[in-house]
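Trainee: Let's see this in three dimensions:
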Amino acid sequence: MCGSSLEIPALNALALHSLTLLLDEKERLFAHSVTLDRDGFHRGVASPKRTIIALLGLHRLAESGETPPFDIRLMDDAIWADTSWVRSLGDLGLLTWFTAECEPERLRGLFHEFDFANALIKYADGRQAQTKGLARFLAGIAHARLACPGTFLDLTDVAADTYHLLEDNQGEGGIFGHAASPGFLERTYCKRFGTFSDQIYAIYALTTFARAFHLEEPLACALSCGNSMRALQGELGQWWFLYDNRTCRVVRRYPVLTLHQGGTAPVGLLTLGEATGQDFHGPVCKGLSWIAGANELGQDLRNLDQTLIWDSLAQGSGVVRFLDAALSFMNITNGQRNTSLRVRYSARPDHFGWLLYAFGGHGLPRSS
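Mentor: Modelled structure (predicted):
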């Protein structure tokens, strides 16, 4: 897809190996993250939320005919054994998305356990109209409808309400703010500025919502955001961290996360391209090439010895981070400042889950 140096099946294999280092066998879940320091690797606590994303990718890989080195069924059961971790609208959206894609027979029980009709007011991220939470919830509802067109529960009204809240967060140039109704002190900031995660989850949710409910208008919103992200992508393929929806520009560049470069960006943009006929393969490939060494440091973030992909490039000191944010906000460039950049030597399962969700259909490398 992106040239011989970036064979997608090999990237899938690396993601799969990375997940083996993150598995908590006792909990039958993946750890929140793993970090490397001078004392070696340190694995975090088990994370049901990040495990769900990893499982979405593993199921997609299994659909290609591959056999992942995990007992996916046991891990699915572990997710359902305790759903007390669902504490936000976004959490409920992820669980719905996972259920619809991987275990649609459980949807009836899910709708019985959770109050979907009042979810927008029950959870804080719903009341605050946080873009990422709204998008994950809308994507979950859309996948539930696609999995069971004659669903056990009519979700049309709550889907429409979620869509309109999400639409209200979008600026004229296509960029989404982080939230519409946060606390008083954060209100101006959150309405105006949105992270890359806000943009890409909104793109995916609107595209999937349009497909599930046979609508055209959400696709236009998604495409407007997608085109803005493409125009603002860094010269080396970076998906920057924070955006201004009034001026349609980047206001904070770092950290640049491999989660976005090789995970969420391909998921959102390739889905949008498939639905609209627009070609986003070029920007996606540039993002992947950034991971493979075409970045500011010229360093391959794929650690083939440890079979991991490192987390990000970030600025080392708090002073440098503050200066970069301040200058970016004033639209003043301070160059790449490569000497201040550091590799963050950690890894997280949701990165590898989204990577496999985007590319798992291509399978694993074939033996010669």
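
Trainee: show me what contacts the residue nearest to the spatial centre of the chain?
Mentor: The residue lying closest to the centre of the chain (C-alpha atoms, centre = their mean) is residue 264, at 3.8 Å. Taking C-beta atoms under 8 Å, 6 or more residues apart in numbering as the criterion, residue 264 is in contact with 196-197, 200-201, 204, 354. Every C-beta, even on glycine, is put in place using the N, C-alpha and C of the backbone.

Trainee: What about the residues you listed, which are in helices?
Mentor: The members of those that map onto helices under DSSP state H are 196-197, 200-201, 204, 354.

Trainee: Next, residue 30: secondary structure please.
Mentor: Three-state assignment for residue 30 (DSSP: H, G, I helix; E, B strand; the rest coil): strand.

Trainee: excluding its backbone neighbours, what's nearest it?
Mentor: Leaving aside its chain neighbours, residue 30 sits nearest to residue 349 (3.9 Å; criterion: C-beta to C-beta, 6 or more residues apart in numbering).

Trainee: hang on, the earlier thing: out of the ones in helices among the contacts of residue 264, who's nearest residue 164?
Mentor: Residue 164 has its nearest neighbour among the ones in helices among the contacts of residue 264 in residue 201, at 16.7 Å by C-beta to C-beta.

Trainee: still on that earlier bit, save the contacts of residue 264 as JSON lines, and put in neighbour count too.
Mentor: Compiled in JSON lines, the contacts of residue 264 are given as follows (neighbours: other C-beta atoms under 10 Å):
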{"residue": "196", "neighbour count": "24"}
{"residue": "197", "neighbour count": "18"}
{"residue": "200", "neighbour count": "27"}
{"residue": "201", "neighbour count": "26"}
{"residue": "204", "neighbour count": "25"}
{"residue": "354", "neighbour count": "25"}
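
Trainee: Lowest mean pLDDT among the helices and strands of the chain, which one is it?
Mentor: Taking mean pLDDT, DSSP states H and E as the measure, the helix or strand of the chain with the lowest value is helix 318-329, at a mean of 50.

Trainee: For the residue nearest to residue 30, which residues are in contact?
Mentor: Contacts for residue 349 were tallied using C-beta under 8 Å, 6+ apart; they are 19, 22, 30-31, 33, 47, 50-51, 53-54.

Trainee: any idea how far residue 363 is from the residue nearest to residue 156 when sequence neighbours are not counted?
Mentor: Spatial nearest neighbour of residue 156, chain neighbours left out: residue 213 (7.5 Å); criterion: C-beta to C-beta, 6+ apart. Per C-beta to C-beta, to the nearest Å, residue 213 is found 32 Å from residue 363.

Trainee: Much appreciated, bye for now.
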